[in-house]
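A.B. asks: need a structure here:
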Amino acid sequence: MRAVAFMALAGLLAACSPAEIATDVTRRAARTVVLPVITATTPAPANELATDCVMANATNAELNDLARDVGNRAGTLTEQNIRTILAKPSTQACIAGKGLAPVTV
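C.D. replies: You can find the predicted model right below:
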């Protein structure tokens, strides 16, 4: 039984490439930066939904920029990056599709 469990785990780990792991870490780090900024103007649970929209519509470069602020209070450049993502039509459509009012930062 242990051999079967080990083989299943090995198969799952093999499916994860280093690039996928790095992207996941970057996305998680960026989310920890975006959520507090959104929460400052948007109460729960709308803050989580709006953050989902920001994350879904950010480019890899934008995510990397946001992730650099992990562990720090977001500064004006980070807030501007979030505003830029929020201003994208796709982000606005996502927010509207979730039934939320427009989000400002």
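A.B. asks: okay, CA-based contacts and neighbour counts for the rest of this
C.D. replies: OK.
A.B. asks: With adjacent residues omitted, what lies nearest to residue 48?
C.D. replies: residue 35 (7.0 Å; CA to CA, 6 or more residues apart in numbering).
A.B. asks: Report how many residues lie close to that neighbour.
C.D. replies: 19 (other CA atoms under 10 Å).
A.B. asks: so how far is residue 27 from it?
C.D. replies: Relative to residue 27, residue 35 is positioned 12 Å away (CA to CA, to the nearest Å).
A.B. asks: if we can go back for a sec, pull the distance from the helix or strand where the residue nearest to residue 48 lies to the chain's centre.
C.D. replies: Using DSSP states H and E, residue 35 sits in helix 18-39. Offset of helix 18-39 from its chain centre (CA atoms, centre = their mean, to the nearest Å): 5 Å.
A.B. asks: helices and strands around that helix, which ones?
C.D. replies: Under the contact criterion of 3 or more CA pairs under 8 Å, 6 or more residues apart in numbering; DSSP states H and E, helix 18-39 touches helix 46-57, helix 60-67.
A.B. asks: what's the angle between that helix and helix 46-57?
C.D. replies: 140 degrees (axes from the mean of the first three to the mean of the last three CA atoms, to 10 degrees).
A.B. asks: So which bits of helix 18-39 are buried?
C.D. replies: Within helix 18-39, the residues that count as buried by 16 or more other CA atoms under 10 Å are 26-39.
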